Every structure is written in C-alpha cells, then in structure tokens.
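Participant: Predicted model and sequence below, questions to follow.
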Amino acid sequence: MSNASEKTILLVEDDDRLAEVYETRLKAEGFKTKRVANGEEALAAALQVKPDLILLDVMMPKVSGFDVLDILRNTPETTNVKIIMLTALSQDSDRDRAKSLGVDDYLIKSQVVIADVVAKVKEHLNLA
C-alpha cells in the first residue's frame, strides 16, 4: 500500500483562508499540495503537476468547477485523475451534473468538516 507522502493533491479554491486550512491539514497528513485559485490555473496545474487527486471548488472566477471537471475528463492526461468537488452548492441538480461529468465524489462544504474531506481523499487514493 502506498503512503500519503507519495501523493500530490491539487487544491483549487479561491477562498484564501479556507485554502490555507486545507493545505495545512493535508500537509500534516503527509500529502504534497499545490494550490491554485481559479479554473484556468487548475487546468494548467493539472497537466504540469500531474496530481493524484484534485480537490475542486465549483464557484470560481473565470472558469467554473463544472467546466474544469468537464475539460479534465476529456483530456487524455487527466481522464483518470481522482476529482473530489468541494462546494457550497447543495442542489441535487448540481450533484447530478457533477456525476454526469465524471466526478469521483461531491462534498458540500456546509455538511463536512476537514477530517471528512481528508478521509475521502485517503479513501479515493486507497490509503484508508
């Protein structure tokens, strides 16, 4: 079984405070992290960093998380990267849209604490 220190998480979050909290916790868990603040940067970083998993916010300036997800899933180099959407959107229609675009998991920010997010990251990377 691989361990967290071999895994890189790309964190796509435009809220600096929240991003800092997540980065600190993921690093404490042993992950390498790369954080970007918008969808355009996320697409570039996904190809450059080749992360094992992407934590993707939905509501972002320029390119939405849904568009990022769609593009990543249709790009050969990133088709199989694990993607967890972390969002304030709690509508079933949003969840369904994410699923139809191929998201691995969909977490609603108001319904999870950071420990839940870390647990999901580990689960999807087979570290749990």
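Facilitator: Everything's here; your move.

Participant: Give me the contacts around stretch 88-97.
Facilitator: Contact with stretch 88-97 is made by 58-59, 66, 87, 106, 108-111, as judged by C-beta atoms under 8 Å, 6 or more residues apart in numbering. For glycine as for every other residue, the C-beta is placed from the backbone atoms N, C-alpha and C.

Participant: could you redo the last one with a cut-off of 7 Å?
Facilitator: By C-beta atoms under 7 Å, 6 or more residues apart in numbering, the residues outside stretch 88-97 that reach it are 58-59, 66, 106, 108-110.

Participant: Take those residues and write them to TSV, including distance to Leu11.
Facilitator: As requested, these are exported to TSV (distance: C-beta to C-beta, whole Å):
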residue	distance to Leu11
Val58	14
Met59	15
Phe66	17
Tyr106	16
Ile108	17
Lys109	13
Ser110	19
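
Participant: Now rank these by neighbours and give me the top one.
Facilitator: Among the contacts of stretch 88-97, the one with the most neighbours (other C-beta atoms under 10 Å) is Val58, at 23 neighbours.

Participant: how far away is that one from Asp16?
Facilitator: Applying C-beta to C-beta, to the nearest Å, the value for Val58 to Asp16 is 17 Å.

Participant: check which helix or strand covers the most centrally placed residue in the chain.
Facilitator: What sits nearest the mean C-alpha location of the chain, by C-alpha atoms, centre = their mean, is Leu55, with 1.2 Å. Per DSSP states H and E: Leu55 is located in strand 53-57.
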